[in-house]
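Asker: predicted structure and sequence below. I'll ask about it afterward.
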There are 2 protein chains.
Amino acid sequence: MNAAQEIKDKGLKVTTARVKVLDILQPDGLALSHMELEPMLGKIDRITLYRILNDFEEVGLVHKVIDIDGVTRFALCKHNCTTHHHNDNHLHFNCTACHKMYCMDNLPVTAVNLPKGFKATGQSTIIYGLCSGCN
Amino acid sequence: MNAAQEIKDKGLKVTTARVKVLDILQPDGLALSHMELEPMLGKIDRITLYRILNDFEEVGLVHKVIDIDGVTRFALCKHNCTTHHHNDNHLHFNCTACHKMYCMDNLPVTAVNLPKGFKATGQSTIIYGLCSGCN
DNA sequence: TTGTTTATGCAACAGAGTTGCAAATGTAAG
DNA sequence: CTTACATTTGCAACTCTGTTGCATAAACAA
Ligand SMILES: [Mn+2]
Ligand SMILES: [Mn+2]
Ligand SMILES: [Zn+2]
Ligand SMILES: [Zn+2]
């Protein structure tokens, strides 16, 4: 599906900035940071980018991940996420050489047996090491 | 063991600020943020706290974890970590109500089968939900 | 095309973290 | 117990990340 249609389907106005952001996130499926996105967007204001990404996250177009260096990254949702409800509880791989963060959508997430009293609602796992490009 | 001795054993000078920081991290075993530590330390400068925690991490006295909100936290090492080599690859539990972060030292860490080409050197898992105090 | 709603850009701000440097403190030796 | 050296501390200044208010520009439905 094209970016404009996806944005409209989520109830957001179709603007050039929003289409551009979604177009950039589409191809590789990597989780990108603000620092990486800004130069790819040309003359779009950085505050606008913050707002676009936050809006996209709210409506379930992208999800946010914090990498092993504490950098916030955004990647496309691929699991029919909706407003305020994300279904993409998947693993992430963070390369310690090139710093790319990959969404590992096809790997199983193992549930953990917690001590009495603790109740999990989700979990976030980042595996780090060398990616296929750097290994 | 007392804080001053642990600091000396790691090859660091024993200062009042360092002893105070280690004394605060000792009892509960929680991972604390700068924001939580600063008011507990009295008149110690926030830059000094940054340097103390970084030094402690380098020599294996504490480890750093980034919580689900992106806040950096520090907790005591309990696995004989040494300078530039941490052995405490354990799970963390982050309460979504009280925001406490617990080191789950006794839970097993499940290894993940990665796609060809990817090589893991470690992994960081944060389980979130309600802790025993908030449940 | 017009009018209303929403998004954008800019300025200003707050929080987290780093670096350089002078003054204070810790430590080991005399 | 003093002294001398090495290290740590506090402060100022700075960068980077993220947020908010407000006037203008763009989207879109009528
Ligand atoms: Mn992902
Ligand atoms: Mn821990
Ligand atoms: Zn790589
Ligand atoms: Zn709690």
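Answerer: Now that the structure is in, tell me what you want to look at. Residues are numbered from 1 along each chain as shown, chains lettered A, B, ... in the order given. Ligands and ions are numbered 1, 2, ... in the order given.
Asker: the lengthiest helix in chain A and ligand 1, are they touching?
Answerer: Identified as the longest helix of chain A according to DSSP state H is helix A:46-59. No: Helix A:46-59 stays clear of ligand 1 (C-beta under 5 Å from the ion), getting no nearer than 11.7 Å. For glycine as for every other residue, the C-beta is placed from the backbone atoms N, C-alpha and C.
Asker: so the residue nearest to the spatial centre of chain A is in which element?
Answerer: Per C-alpha atoms, centre = their mean, the C-alpha nearest to the average position across chain A is that of A:Ala75, at 2.2 Å. Per DSSP states H and E, A:Ala75 falls inside strand A:72-76.
Asker: quick check: mean pLDDT of that strand?
Answerer: Strand A:72-76 shows a mean pLDDT of 96.
Asker: buried set for that strand?
Answerer: For strand A:72-76, the neighbour count (16 or more other C-beta atoms under 10 Å in any protein chain shown) marks A:73-76 as buried.
Asker: how far away is the residue lying closest to A:Arg46 once chain neighbours are set aside from A:Asn80?
Answerer: Excluding its sequence neighbours, the residue lying closest to A:Arg46 (C-beta to C-beta, 6 or more residues apart in numbering or on different chains) is A:Glu38, at 5.8 Å. According to C-beta to C-beta, to the nearest Å, A:Glu38 and A:Asn80 sit 29 Å apart.
Asker: who has more neighbours, the two?
Answerer: A:Glu38 (14 against 10; other C-beta atoms under 10 Å in any protein chain shown).
Asker: which bits of chain A sit near ligand 3?
Answerer: Residues of chain A found near ligand 3 (C-beta under 5 Å from the ion) are A:95, A:97-98, A:131, A:133-134.
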